[in-house]
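**Q** Here is the input, now give the coordinates:
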Amino acid sequence: MSLKVFHLVFVTAASALAFGCSAWGLKAYFSADGQVADLAFGLGSLATGAGLLLYERYFLKKLKKMDDL
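**A** Okay, here's the model as predicted:
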């Protein structure tokens, strides 16, 4: 497995983990005893997951340009 493939797999797994943590935090916030910290954790994880997906898209475009060389 090349370093590029490993990087893509790692970023994909990290974004999936971030979205899972986001669901966990938001579920805890909307439960009966939800706290503001749960909301902050959920929204922060959601933003992190979205950022990782945007980075992965940028990385794939960069890879495509590098492969053309």
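**Q** in stretch 37-56, what's buried?
**A** Neighbour counts using 16 or more other CB atoms under 10 Å place 38, 41-42, 45-46, 48-49, 52, 56 of stretch 37-56 among the buried residues. No exception for glycine: its C-beta is placed from N, CA and C like everyone else's.
**Q** Tabulate the residues you listed (JSON lines), appending distance to Asp67, pLDDT and secondary structure.
**A** Conversion of these to JSON lines gives the following (distance: CB to CB, whole Å; pLDDT from 0 to 100; DSSP: H, G, I helix; E, B strand; the rest coil):
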{"residue": "Asp38", "distance to Asp67": "43", "pLDDT": "97", "secondary structure": "helix"}
{"residue": "Phe41", "distance to Asp67": "38", "pLDDT": "98", "secondary structure": "helix"}
{"residue": "Gly42", "distance to Asp67": "38", "pLDDT": "98", "secondary structure": "helix"}
{"residue": "Ser45", "distance to Asp67": "33", "pLDDT": "98", "secondary structure": "helix"}
{"residue": "Leu46", "distance to Asp67": "32", "pLDDT": "98", "secondary structure": "helix"}
{"residue": "Thr48", "distance to Asp67": "28", "pLDDT": "98", "secondary structure": "helix"}
{"residue": "Gly49", "distance to Asp67": "27", "pLDDT": "98", "secondary structure": "helix"}
{"residue": "Leu52", "distance to Asp67": "22", "pLDDT": "98", "secondary structure": "helix"}
{"residue": "Glu56", "distance to Asp67": "16", "pLDDT": "97", "secondary structure": "helix"}
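**Q** what's the pLDDT at Ser22?
**A** Model confidence at Ser22, expressed as pLDDT, equals 98.
**Q** that older thread, of the buried residues of stretch 37-56, closest to Ala14?
**A** Leu52 (5.6 Å; CB to CB).
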